[in-house]
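1. This is a predicted model, with the sequence first.
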Amino acid sequence: MRKLTFAQATCEAMAETMEKDPTVFAMGEDLARQGGIFGQFKGLPDQFPGRILDTPISETFIIGGGVGAALAGARPVVDMHFADFIGVPMDEIFNQMAKARYMFGGQATVPLVLRAPDGMTFQGAAQHSQCVEAWFPHIPGIKVVAPSNPYDAKMVLKAAIESDDPVLYFENKILYKEKGELPEVADQVPYTIGKARVEREGTDVTIVSYSIGMKNARAAADLLAKDGIKAEVVDLITLSPWDKETVLNSVKKTHRLCVVHEAVKQSGFGAEISATVAEEAMEYLDAPILRYGAPFCPIPFAPTLEKMVRVYPEDLYKGIKGMF
Amino acid sequence: MRKLTFAQATCEAMAETMEKDPTVFAMGEDLARQGGIFGQFKGLPDQFPGRILDTPISETFIIGGGVGAALAGARPVVDMHFADFIGVPMDEIFNQMAKARYMFGGQATVPLVLRAPDGMTFQGAAQHSQCVEAWFPHIPGIKVVAPSNPYDAKMVLKAAIESDDPVLYFENKILYKEKGELPEVADQVPYTIGKARVEREGTDVTIVSYSIGMKNARAAADLLAKDGIKAEVVDLITLSPWDKETVLNSVKKTHRLCVVHEAVKQSGFGAEISATVAEEAMEYLDAPILRYGAPFCPIPFAPTLEKMVRVYPEDLYKGIKGMF
Amino acid sequence: MAVTKAQKEQAAKFYETMSTIRHFEESIKHDSLAGEIPGFVHLYIGEEAIATGVCAALRKDDMIESTHRGHGHCIAKGADVNKMMAEIFGKKTGMCQGRGGSMHIADFSIGMLGANGVVGGGYNLATGAALANRMVLKNDKVSVVFFGDGASNRGTFHEAMNVASAWHLPVIFVNEMNCWASTTPYRTTCNTENISDRAYGYHVPGVIVDGQDVFAVYEAAKTAVERARKGEGPTFIEAKTYRIEGHYVGDPELYREREETQKIFHDTDPLKMFRIKAAKLKVMTAKECDAIDEKCAEKIKAAKKFAMESEYPDSSEYMKYVYVD
Amino acid sequence: MAVTKAQKEQAAKFYETMSTIRHFEESIKHDSLAGEIPGFVHLYIGEEAIATGVCAALRKDDMIESTHRGHGHCIAKGADVNKMMAEIFGKKTGMCQGRGGSMHIADFSIGMLGANGVVGGGYNLATGAALANRMVLKNDKVSVVFFGDGASNRGTFHEAMNVASAWHLPVIFVNEMNCWASTTPYRTTCNTENISDRAYGYHVPGVIVDGQDVFAVYEAAKTAVERARKGEGPTFIEAKTYRIEGHYVGDPELYREREETQKIFHDTDPLKMFRIKAAKLKVMTAKECDAIDEKCAEKIKAAKKFAMESEYPDSSEYMKYVYVD
Ligand SMILES: Cc1ncc(C[n+]2csc(CCOP(=O)(O)OP(=O)(O)O)c2C)c(N)n1
Ligand SMILES: Cc1ncc(C[n+]2csc(CCOP(=O)(O)OP(=O)(O)O)c2C)c(N)n1
Ligand SMILES: [Mg+2]
Ligand SMILES: [Mg+2]
């Protein structure tokens, strides 16, 4: 076992797939000279000369060009700089990347990964702090992943690059520096896109999250444990196609559900999870579903305001306690 | 009472507000020479010379320029041509239109209306048939409306133009030609953005929808009525901020909920409605919530395939029957 | 200078391609007006020389990105008209198995990477394909993106042109300057008479060519392709043409005079222009042209028959091709 | 020619604005490095002459759209430095009441419509404001959009320039060509030495000016403003400058040599250039400049004190300003 940060783990995933497959390349802003603004491409430019490209500030090209490169037979990894800017190439994602295969009747393959660093860091304010993953599980033709720890960061990114379908890979800015254990290369089990993981078993309540939301899920489970409440914690990992079965099975066992993410609550991905359980396993529920997300507000700058749009483990703890 | 089409009703709304307020103007593609590709601006270019502008095919300008015009003190109505292209100016919507007021601490006002014709017509295929309203109730700072009939088309558009906040106005392409009764001008009651309407009262099940989805809701209610099941039909009209209270009150009365929209089901706005009820009124439910939307598939061209991605009243009818 | 056999063959090929497109489009127009074709259809009538001249300068494995007005590009690149027709009718035997239709016609086997329902959606795809071919896959394939005068006002034009130029990518920007973007005349949305003036801003050669003259288009394209293949970067070709038909089949064309359009067609029809020039160059006679027209008419009749007799896709397979796995 | 009083006053105003910006930025730099300022901060040091020269040519009711590097624009347009400093510290007394911070600094009362965290986000806003003022509100206000060399590669540039040109809108595109876009040197992402070459593609006058010379910038801006106000349309001004500081405060600048940057600053510091030129023009003496520097240092010290002593916004009011109603 080795300790790596989330950012380093993604670098390993890149290196291993680039080593194996010469058609994998990456492009985006500040990748080649800087190794990515969060160090998530560090070392790769030297290791793979000419395959990590610094682009102009031209996001429709970065993403649209990535789709074109994929159509031509390459395996691009394109970087969004900040997920906040994903609106710029939204049409390329929505109308080209996601639909090329279907509308051309299977002639096209788009093996592309779009990496999108998201979430609040300290006082990034309204345009550098956002979580926008919820838009994408609504778009057929793309897959969406959002790992929560270094081990998954690596295995999920490898799976994404190896996938023949386009994958949006959300990576949280706070998580980049988090360290976690990774086994030696030989021990690793490939990740299958679409699979959730029961990270902690429990009998009393199911807490579902992904990405940075998992920090809240874990911390809330710890708080609850002190009161003897055993929370089952499910890390979704993939948001589309998401692993309904694992969530439903867990809820059928615990009879209570709490969903949490950092993104705005209204119309967030938590709604899909909550709604699905309400529709498919309501009879198993002993209490109304709890759902946590940010209030309906752009992200403010001042520390005193920013702290108000965050979700805290105590919120979950209190809410879940109220279920019993 | 007069009979007008939905498209004509929107023209009346435009004319009445433009008459009153010289700062209202409209811009988009094919508005001035054609009166809008669906006739939704017909007559206005002659009535208001120089205030209905044909733009280049430059959607970031149409929307971003609209935001700039609003910041400068005008009241722009901007047209999206097809809602399918809303990804092109997504950044302008998401990072500028929605946030200007908040991030500048209340200094800015963005009284803009974005009109977006959406939905399936016959075989428009993957890039000319889509419903994308679900992305926007996840964005704080904008309001989202989607009327279902000519009367609302007019009153909601007037309210949108008069609102000092930016409003996304989704208008369904099939609905444009539908006729409905409109009272004389003096009789009209102004619409308040955020209010749903109980269109039909009932006691046995609540069907919630908006826009074209209301056709399914009404037709299903008719089918159910034949079997003696009294459906309460709620037209949401506004998606953000949406009228939770009306929906919750209805569900508390009927104890059953069915949600339907034309958009893809997964991560659609129906999830928010369903999730909210599951969270706030679960104890009132006598049956699991039903949610209908399109399958997870781009919209195909061939008639035999396109019909598979539509929702039918019979689907709702069967589902709701199964609740009893 | 004596006319060579190769020149004659090339001329015949030009004419056959143009005539195929013309007949194809006339057939589609008829059937679309008759309500037999679902969806929106945009015709290439009057613009045939552009796709024909450009694609004649390409190899089979070169790649093109097309537009909503894509039938001509598809035929010129060498697609099977039966499968095209079937696709436009929404049949299972269509090249997209009925999932795409007119606006998403594509044939990846010949590098035709698709029509596009998003105006200006093709620039970045073509540029990305060029990047992949040159910098990643290390081959010498060339990409072409076709686009209209209206499309030239989209921001994607700028992003793709800039990158293509900065990185000397093998991509050719072929502007079909047909004076109209749907209902909007070109000059009301643009301050420059020639769109190719914009090429200067990227230090890319900007070439204006008579889009009604297939020989001229071919020569311009050949030069651009050679340049691109040698790694010298992109070229911008502005082909002057005119949109003869309505924006789409069924367009009432309230915004212009049908008479004027007909006069322009009368004066500049590329098939007619071909006949005149071919006679002057002595590469083809009117009779030879007539024979090709007849052959093409038959070919398109057969294509229609093929399409009409084909089945619609099986409803139960509607989810096929959303994902690879 | 004798120097007039007006010339002297103008020179003094130029220097005071530049000196205010310099002191403001030095103060911010210090406090940001000390960890007292939240968020990302981008400094305008070395580029002061551009905002100063441009805004001096504007009226109070003219409008500007700024960038992520927006303090200089805001000060030059006439904003109160106390409120600015408070905003950057995230305080309630800030002009955005602590909701925006450095990247969203704005002062609508003087037509400063906001910094922008989205690179290239300002073009369309400025152009739309120009459209509203000219075509809807029927006044003669002019808009300016500032943008970097990196930002010039965004598609929004193209869409705004084209409309502005086609409709002769009163908007001035001021390019701050500081040779870097974050870690990326300009010429690796662009094939033209001068960004202003692009103006030709829109038939818009493209002017290159020494961005270190406030007098030259002012003259160029004045001409552009007159043109715009008369309804003759947009102008593109490329002001050549250099990014002296890291991209943001704290940038390790691994991608370039600090020494070279310092040499460039030594040779082209706009405040220094001003002193030389002012002496030559006999509009200001070194002593007068020193006095202004001292005054500005005091003003910024007071601004910092104001900011530090101000309260953070009340947590309970975090939802204020999401909507008007
Ligand atoms: C992004 C986008 N905006 C608008 C449209 C609607 N639209 C379809 S074709 C067209 C006109 C295109 O004009 P041009 O590029 O000149 O091509 P032409 O039709 O003349 O061949 C428009 C506005 C679209 N399909 N995509
Ligand atoms: C749309 C978008 N893409 C990327 C970024 C990240 N980013 C912020 S500043 C910057 C560099 C900007 O360079 P330039 O426009 O030259 O301005 P300068 O910083 O040199 O003043 C980048 C890439 C962003 N904020 N917005
Ligand atoms: Mg055209
Ligand atoms: Mg720069």
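-> Looks like it came in fine. Just so you know, these numbers come straight off a predicted model, no measurement behind them. Ligands and ions are numbered 1, 2, ... in the order given.
2. Residue numbers of chain C in contact with ligand 3?
-> Counting by Cβ under 5 Å from the ion, the positions of chain C adjacent to ligand 3 are C:148-150, C:178, C:180-181. (C-beta placed from N, C-alpha, C; glycine too.)
3. now, among those residues, which is nearest to chain B?
-> Using Cβ to the nearest Cβ, residue C:150 comes nearest to chain B of the residues of chain C next to ligand 3, at 4.6 Å.
4. what sits against residue C:77?
-> By Cβ atoms under 8 Å, 6 or more residues apart in numbering or on different chains, the contact list for residue C:77 reads C:51, C:55, C:58, C:64, C:107, C:110-112.
5. what about residue C:250, is that helix, strand or coil?
-> Classification of residue C:250 by DSSP: H, G, I helix; E, B strand; the rest coil places it in coil.
6. quick one: contacts for it?
-> Contact partners of residue C:250, counting by Cβ under 8 Å, 6+ apart, are C:32-33.
7. Next one: it from chain A, what distance?
-> Applying Cβ to the nearest Cβ, to the nearest Å, the value for residue C:250 to chain A is 22 Å.
8. distance of that residue from residue C:33?
-> Here the criterion is Cβ to Cβ, to the nearest Å. By it, residue C:250 lies 7 Å from residue C:33.
9. burial measure for the residue lying closest to residue C:182 once chain neighbours are set aside, as a count.
-> Of all residues not flanking residue C:182 in the chain, residue C:247 sits nearest, at 4.7 Å (Cβ to Cβ, 6 or more residues apart in numbering or on different chains). The number of residues packed near residue C:247 is 23, by other Cβ atoms under 10 Å in any protein chain shown.
10. Read off the pLDDT value for residue C:247.
-> pLDDT recorded at residue C:247 is 97.
11. Spit out the contact partners of it.
-> Counted by Cβ under 8 Å, 6+ apart, residue C:247 has contacts C:42, C:180, C:182-183, C:253.
12. what does the stretch 151-300 of chain A have sitting close to chain D?
-> Taking Cβ under 8 Å from any Cβ of the partner chain, the part of the stretch 151-300 of chain A that reaches chain D is made up of A:295-298, A:300.
13. So which of these wins on neighbours?
-> Compared across those, residue A:300 has the highest neighbour count, 34 neighbours, by other Cβ under 10 Å.
14. buried ones in the longest strand seen in chain A?
-> For chain A, the strand with the greatest residue count under DSSP state E is strand A:257-264. Applying a neighbour-count criterion of 16 or more other Cβ atoms under 10 Å in any protein chain shown, one finds A:257-264 buried in strand A:257-264.
15. Hmm, residue C:203 is touching residue C:165, no?
-> Yes. Counting by Cβ atoms under 8 Å, residue C:165 is a contact partner of residue C:203 at 6.2 Å.
16. who touches both of these two?
-> Contacts common to residue C:203 and residue C:165, judged by Cβ under 8 Å, 6+ apart, are residue D:191.
17. Spatially central residue (nearest the centroid) of chain A, please.
-> residue A:146 (1.3 Å; Cα atoms, centre = their mean).
18. show me what contacts that one?
-> Counting by Cβ under 8 Å, 6+ apart, the residues that residue A:146 touches are A:133, A:169-172, A:210-211, A:236-239.
19. at 6 Å instead, please
-> A:133, A:170, A:210-211, A:239 (Cβ atoms under 6 Å, 6 or more residues apart in numbering or on different chains).
20. so how many other residues sit close to residue C:294?
-> Residue C:294, neighbours per other Cβ under 10 Å, totals 12.
21. The one 10 residues further on now?
-> In terms of burial, residue C:304 registers 23 neighbours under the definition other Cβ under 10 Å.
22. With the one 10 residues further on instead?
-> Using other Cβ under 10 Å, residue C:314 is surrounded by 14 other residues.
23. how close does it get to chain D?
-> Counting by Cβ to the nearest Cβ, the gap from residue C:314 to chain D is 41 Å.
24. Could you measure from that residue over to residue C:306?
-> Relative to residue C:306, and taking Cβ to Cβ, residue C:314 is found at 18 Å.
25. sorry, back to before: quick check on the contacts of residue C:77: which are buried?
-> For the contacts of residue C:77, buried by 16+ other Cβ under 10 Å: C:51, C:55, C:58, C:64, C:107, C:110-112.
26. Which of the residues you listed fall within helices?
-> C:51, C:55 (DSSP state H).
27. quick one: which of the buried ones among the contacts of residue C:77 is nearest residue C:243?
-> Nearest to residue C:243, judged by Cβ to Cβ, of the buried ones among the contacts of residue C:77 is residue C:51 at 14.2 Å.
28. Could you check the pLDDT of the closest one?
-> For residue C:51, the pLDDT comes out at 98.
29. How about residue A:270?
-> Reported pLDDT for residue A:270: 98.
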